[in-house]
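*Asks:* Here's my sequence, what's the structure:
(chains A and B)
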Protein chains: 2
Amino acid sequence: MFPVCLQAQHPVTFFNQAESNAVKKDLARFPVLRTSYGEIRKEVDAWLGKDVDVPVPKDPAGGYTHDQHKANYTLMFNAGILYNLTGNPRYAEMVRTLFLKYATLNPTLKMHPQATSSSPGHLFWQALNDANWLVYTGMAYDLIYNSLSPADRKTIEAGAFKPEVDFITKDLKSWFNLIHNHGVWACAGVGIVGLATNNKDYVDMALYGSDKSGKSGFLAQMNGLFSPDGYYTEGPYYVRYAILPFYLFANALQHARPELGIFNYRGEILRKALLAGLQQTNTDGAFFPINDAMKEKDYTSNELVTAIDIAWEMYKGQDKGLLVVAKKQGHVLLNKGGASLAAALATTKNIPAGYPYKTVEYMDGVKGDEGGVSFLRSGSNDDLTTVIYKYTSHGLSHGHFDKLNISLYDKGHEILTDYGSVRFVGVEQKWGGRYLAENKTYASQTIAHSTIVVDERSQFDANEPASEKYHSEKLFSAISNPALQVIAAKEDHAYDGVQLQRTLYLLRLPNGKKLLTDIFLTRSSQEHQYDLPFQFDGQLISTSFKYKAAANSQEAMGKKNGYQFLWKEAEATVNDTLAQLTFLNNRTYYSISSLVQNKASIFLTRTGANDPDFNLRHEPALIFRRTGKDLSIVNVVEIHGDFDPVAEFSTNSHSSISSIQLLQQDEEFTIATITVDNKKLLIAQCNNNVSATVTHSAKGINWTGPFYVTYDNQPLH
Amino acid sequence: MFPVCLQAQHPVTFFNQAESNAVKKDLARFPVLRTSYGEIRKEVDAWLGKDVDVPVPKDPAGGYTHDQHKANYTLMFNAGILYNLTGNPRYAEMVRTLFLKYATLNPTLKMHPQATSSSPGHLFWQALNDANWLVYTGMAYDLIYNSLSPADRKTIEAGAFKPEVDFITKDLKSWFNLIHNHGVWACAGVGIVGLATNNKDYVDMALYGSDKSGKSGFLAQMNGLFSPDGYYTEGPYYVRYAILPFYLFANALQHARPELGIFNYRGEILRKALLAGLQQTNTDGAFFPINDAMKEKDYTSNELVTAIDIAWEMYKGQDKGLLVVAKKQGHVLLNKGGASLAAALATTKNIPAGYPYKTVEYMDGVKGDEGGVSFLRSGSNDDLTTVIYKYTSHGLSHGHFDKLNISLYDKGHEILTDYGSVRFVGVEQKWGGRYLAENKTYASQTIAHSTIVVDERSQFDANEPASEKYHSEKLFSAISNPALQVIAAKEDHAYDGVQLQRTLYLLRLPNGKKLLTDIFLTRSSQEHQYDLPFQFDGQLISTSFKYKAAANSQEAMGKKNGYQFLWKEAEATVNDTLAQLTFLNNRTYYSISSLVQNKASIFLTRTGANDPDFNLRHEPALIFRRTGKDLSIVNVVEIHGDFDPVAEFSTNSHSSISSIQLLQQDEEFTIATITVDNKKLLIAQCNNNVSATVTHSAKGINWTGPFYVTYDNQPLH
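*Replies:* A predicted model of the protein is given here:
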């Protein structure tokens, strides 16, 4: 534990006096800073001299009282900043008046009337929002601290803060001590209030947990929520959310307790977390929807503005990619980092148009030994292709049962899709913006993804504690050759008695064509049914197989495990063939080709069945159903052609894959040939021995290492 | 008829020698001109010295031979331009070589093997594409005319052109003489070839029809296809297509036959047509999908580049809006108009971001007395709202059975939608890009729109000749007050014994809220079933009524007239109530409120049933079903609230309309009150007497003219 030595200097959480003075000087100098200052002035000045409502909590998210309390803490924080930057006492007075109202209200609060979560709130329906309130009002209090009389301080600290801090650290102690994004917010809130109120007890609980043992609290969260390379176990949507309290509390600690060296902690874990978060975005800045995630969230959100502006200051000489993001964000914090970033934006020439995306792999788990997720990338900017391959641990309460899942993005669009979550954030009519029932019953089930479902049951039978015990395992990857990127992983626990192994090859052929070859192995001593869905976004253009389509009526695919939400739009039975489906997404064609050995059923489905509240989007999937024990399923996803509806041109709308053959399929090797543009693509892979140095020989082919790929008898490069 | 005096000066169709010389001087001066020149150089130079294929026609649209012949005529035209601008004889040689190949091929051609249309082609599956070929190769020939030997000229004129011109003007004579966009292309093709080959006979046929009587041909088309105010009877998607041959042939005539004064013809009808076409676009430049239309087509298409560049030269001092469009197009023709526009783009400061959209009404019919279409607009730029109200004549073969249909656009998005057409232009797998069966069986049927369907039958029983005999009638409109725009029209022929009358009020309340109030009257001596669909784009958020949703299975809504394509997702029965549905589109909420008197059924549907080839998009609709004789149906479409998924704010997600009441409903008057934000909106309208000067008195209200509207007892302004 670090020594604690609280100081009475204020402000100290958001910025200190010297920093405030420096920012003040820059306000007019740099356009983005000037704009950001103007925005805040406009928002706050509209309320100067007006009576701002502090209503008795009543409504769920999206309702009046929820939004008002949310607006209030933002208003108080911004007014606090303006008080420091302008010296105008009216801003401090506005914040004080509001604090006095809260000091009257908060001691009267019991459980929120709309509280339905396991961590209910007082001011809001869930405690998480109360923690948000503490983070911002804590900073607001610190920002006007010097303007307050000792009596007011006493009233506010005892009335506005203490009931909330007590509630969170005592009534909700186990929640406060969670190693989870909620816990991060809770600790940041209590910690910032502690620094603002010179309350060592609060700060210690925030840093080391309610019992101050260090088993929980902020430092434990920095240790426990990230892998060593900065991957956040809940996924990018939630790192986006958690990064805010991490950075805000760390920023406050850096000012108040520089001896902690919080930004250097655990090998600059906060820097790694931010950069990992940014790499996990699409070219439009939207976070990849791994686990529970709203697809609209992108890196222009307030959370990322805050993190990037603080990181820019704390990690000097940093990633130029931050400038790219800051430029798209278009506004900055009114602190030293924001001012410095605004200066860099004004003076840096040739800021790239796109974030510097690259192929990255993140390990999951505190020690980096609990599987992980790979992002294979090919091309750049508007022609960037990204394959996401997930072989992580469960990802806490927001995890999905989707081990060995793949997603594909191309040219800025989602091609092989992940549903994300079933939720309408902030929409009162949709259960106050909470996660809807279909989030558990559909979106988190295995069938909602693009990975194998065994016997129509979800992985781990959708039992979260069971899933949390295990993680998939990466077997190997090879990502240094841009024309041939390979990643293999296996999953032995999701289904009793079934081993699943999936190897992806993201290939760029000499003519520039991109292919994703997908070899999915199943191993079991028993016969099982294996459903492999490809969730896709696009208009079906053609199939190589004949199907029977629903006509005047259609049925749901099943009764449970997510199948009940799928309409069966068409069904086919195929034998020993190459099954292909081509669809159009925006201006590009995509074909999924799959080798069918013996017999398979194929389903074309669409979400929307058993959805009485119209909570689901209606999205198509192609599902291959095979039965057997040990299957080697070879699929190819091909990116091809060009559709230009304005110029009315369409080229290469047909798949260039004319056959897939399995030359060998056994315990040791899978050897496949794929005929692409009438030339032979050969893939030989080792199914057991993934050593990079062992030499193999099969079917007249000799090679070293876990895989061997040629196209037209030449290696790819 | 005009005197004919052909001249032998070449080039004369695309530009003449003087114009070419002038453009040459400007090439390096203006960025857009330089870029456009560079693009064409790059395209054409890639083929210099190479053997360009002129294949025997075989494939439908989207297939190889189709695309190759299409690419060839563009290549020949562009190479012809470059020959003039550079003087490099290799360009002329490339064009000559291709022409000699066509001179060998064309005399051998019979009906295209994929010909399935009533106007089959030789080089292409349909003659329309052959006409495209004539337009561009005609200009190409003219551009290299001076480089050719008399022997080559003879070979090309007799071999490449004559078989095509003969085929079109003789074998397809009745098609050539059509007053229809195909006919425009045919005349432009034959006419341009006539000017290029000094063939008076061709030019005369092009101008005056194959019998040269003037009953058909280009001038008859200029008379017959537009209303006096420039509305093109097939709708904006097809004016976009027809405007190209109109402008290209007119441009050639202006050079070769200036005495015709073609651009002044019929009160500058070509200028009016272009500006009417541009007003019929959404803020993103996409043409409104009236009648058969592909929604992707926008004003950056080549056709509009051509028309705007020619118009800029021919109608000097013109619409500054053309600059807005030209800027978005980003390239220009290499002629005088293009050069002049490039200069204007380089030198004009503050080109507005958006086209200057305004409320416009176009009458349909040659005399402007066959109904029309109104575009009511409110707001501007990103906050522009557009209501489209269609009460036109049928619109020839591409017309839909959708009289009194409404569409709504808001903030750049389509809110109340029109399906457009069922077609994948250029996609070989989708029947070569032709109109698919569902275009007739679904998209053109009444139920695919947002207008009343009587007894589950389409208007005119979807009989095109029957529909072409009639048109709807505008009763009155009042569009000068931006806060209160009103338009009323009636339709007496679509259903025997049923009179339909619909009046729209686009309102802007004092607080800025926009409402579309819709009063739809039915009058009949017999009882009928009236279905009123609202096709919408968005996620259902809530309804005021309870419904029974499909669970494990769902059924199609019907067997015919388009109903067979609708899945019945939910069904409700309601009595004497205000029925409301709220949906979310992007970041705005929209509520449809409808007064239900007595009993109504409500259906929530989605397209996709009976669609074995997956040709349809899956789009929702809200359908109100009422029975009776004389109904006054009052609906309100409300634009409200704000959903910000990035900042996680949602405001005003509930409709502000709490009641609709009908105070009077009879032959003479409809008087309704609508409670909006707890204040009374009163609408009184005359159902028979639409005189602007007659004074009325009912329910204690006195007013003059066909309608009277107050909000909170005040007039709107």
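*Asks:* Grab the nearest non-local neighbour of the residue positioned nearest the centre of chain A.
*Replies:* The centroid of chain A falls nearest to A:P236 when counting by CA atoms, centre = their mean (2.2 Å). Excluding the flanking residues, the one nearest A:P236 by CB to CB, 6 or more residues apart in numbering or on different chains is A:Q280, at 3.6 Å. Yep, even glycine has a C-beta here, placed from its N, CA and C like the rest.
*Asks:* Distance from stretch A:124-136 to the middle of the chain?
*Replies:* Distance of stretch A:124-136 from its chain centroid, counting by CA atoms, centre = their mean, to the nearest Å, is 21 Å.
*Asks:* no no, stretch A:316-324
*Replies:* Distance, centroid of stretch A:316-324 to centroid of chain: 21 Å (CA atoms, centre = their mean).
*Asks:* who does the worst-scoring helix or strand of chain A on mean pLDDT touch, helix- and strand-wise?
*Replies:* Of all helical and strand segments in chain A, the minimum by mean pLDDT, DSSP states H and E falls on strand A:649-651, at a mean of 87. On a contact count with 3 or more CB pairs under 8 Å, 6 or more residues apart in numbering or on different chains; DSSP states H and E, strand A:649-651 meets strand A:642-644, helix B:64-86.
*Asks:* wait, what's in contact with the closest residue to A:A609 other than its chain neighbours?
*Replies:* Take A:A609 and drop its neighbours on the chain: the residue closest to it by CB to CB, 6+ apart is A:A556, 3.9 Å away. Residues near A:A556 by CB atoms under 8 Å, 6 or more residues apart in numbering or on different chains: A:Y563, A:Q564, A:F565, A:L566, A:W567, A:K568, A:A609, A:N610, B:A551, B:N552, B:S553.
*Asks:* Mind telling me what element the nearest residue to the last one once chain neighbours are set aside is part of?
*Replies:* When you say that, I think you mean B:S553. Nearest residue to B:S553, sequence neighbours excluded (CB to CB, 6+ apart): A:E555, at 4.9 Å. Using DSSP states H and E, A:E555 sits in strand A:553-555.
*Asks:* Tell me who's in contact with the residue in the stretch 1-150 of chain A that chain B sits nearest to.
*Replies:* Among the residues of the stretch 1-150 of chain A, A:G62 lies nearest to chain B; the distance is 4.7 Å by CB to the nearest CB. Counting by CB under 8 Å, 6+ apart, A:G62 touches A:G426, A:V427, A:E428, A:Q429, A:K430, A:G432, A:G433, B:S650, B:S653.
*Asks:* Repeat the analysis, applying 10 Å as the threshold.
*Replies:* Shown in contact with A:G62 (CB atoms under 10 Å, 6 or more residues apart in numbering or on different chains): A:424-434, B:643, B:648-651, B:653-654.
*Asks:* Please apply the same query to A:F649.
*Replies:* Neighbouring residues of A:F649 by CB under 10 Å, 6+ apart: A:R587, A:D642, A:F643, B:G62, B:D67, B:K70, B:A71, B:V425, B:G426.
*Asks:* Single out whichever of those residues has the smallest pLDDT.
*Replies:* Across the contacts of A:F649, the smallest pLDDT goes to B:G62, namely 81.
*Asks:* And that one, how close does it get to B:L109?
*Replies:* Remark: distance between B:G62 and B:L109 (CB to CB, to the nearest Å) = 20 Å.
*Asks:* do A:I290 as well
*Replies:* 57 Å.
*Asks:* the more surrounded of the two?
*Replies:* A count of neighbours by other CB atoms under 10 Å in any protein chain shown puts A:I290 above the other of A:I290 and B:L109, at 25 against 17.
*Asks:* Excluding chain neighbours, what is closest to the more buried one?
*Replies:* With sequence-adjacent residues excluded and distances taken as CB to CB, 6+ apart, A:I290 is closest to A:G235, at 3.8 Å.
*Asks:* Pop out the phi and psi values for that neighbour.
*Replies:* phi 100, psi 170 (degrees, to the nearest 10).
*Asks:* pLDDT score for it?
*Replies:* A:G235 is given a pLDDT of 94.
*Asks:* ok, back up a step: make sure the residue nearest to the centre of chain A is actually in contact with A:V373.
*Replies:* Yes: between A:P236 and A:V373 there is a contact under CB atoms under 10 Å: 9.3 Å.
*Asks:* With just CA atoms, put stretch A:74-94 into PDB.
*Replies:* Extracted in PDB, the C-alpha atoms of stretch A:74-94 (Å, rounded to 0.1, in the frame of the first residue of the first chain):
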ATOM      1  CA  THR A  74     -23.000  17.400 -16.100                       C
ATOM      2  CA  LEU A  75     -24.200  21.000 -15.600                       C
ATOM      3  CA  MET A  76     -22.600  21.200 -12.100                       C
ATOM      4  CA  PHE A  77     -19.300  19.800 -13.500                       C
ATOM      5  CA  ASN A  78     -19.200  22.200 -16.400                       C
ATOM      6  CA  ALA A  79     -20.200  25.200 -14.300                       C
ATOM      7  CA  GLY A  80     -17.400  24.200 -11.900                       C
ATOM      8  CA  ILE A  81     -14.900  24.300 -14.700                       C
ATOM      9  CA  LEU A  82     -16.200  27.700 -15.900                       C
ATOM     10  CA  TYR A  83     -16.000  29.100 -12.400                       C
ATOM     11  CA  ASN A  84     -12.200  28.400 -12.500                       C
ATOM     12  CA  LEU A  85     -11.700  29.600 -16.100                       C
ATOM     13  CA  THR A  86     -13.700  32.800 -15.700                       C
ATOM     14  CA  GLY A  87     -13.600  33.600 -12.000                       C
ATOM     15  CA  ASN A  88     -17.300  34.500 -12.400                       C
ATOM     16  CA  PRO A  89     -18.900  33.600  -9.000                       C
ATOM     17  CA  ARG A  90     -22.300  33.100 -10.600                       C
ATOM     18  CA  TYR A  91     -21.100  29.700 -11.800                       C
ATOM     19  CA  ALA A  92     -20.000  28.700  -8.300                       C
ATOM     20  CA  GLU A  93     -23.300  29.900  -6.900                       C
ATOM     21  CA  MET A  94     -25.200  27.800  -9.400                       C
END
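*Asks:* Next, the buried residues of it.
*Replies:* Neighbour-count burial for stretch A:74-94, counted by 16 or more other CB atoms under 10 Å in any protein chain shown, picks out A:74-85, A:91-94.
*Asks:* which of those come close to chain B?
*Replies:* Among those, the ones lying near chain B by CB under 10 Å from any CB of the partner chain are A:T74.
*Asks:* of all the buried residues of stretch A:74-94, which two lie farthest apart?
*Replies:* The span of those, defined through CB to CB, is set by A:T74 and A:E93 at 17.7 Å.
*Asks:* Report the buried residues of stretch A:505-516.
*Replies:* With burial defined by 16+ other CB under 10 Å, the residues of stretch A:505-516 counted as buried are A:Y505, A:L506, A:L507, A:R508, A:L509, A:K513, A:K514, A:L515, A:L516.
*Asks:* ugh, typo on my part, it should be stretch A:157-172
*Replies:* Buried residues in stretch A:157-172, counted by 16+ other CB under 10 Å: A:E157, A:G159, A:A160, A:F161, A:K162, A:P163, A:E164, A:V165, A:F167, A:I168, A:T169, A:L172.
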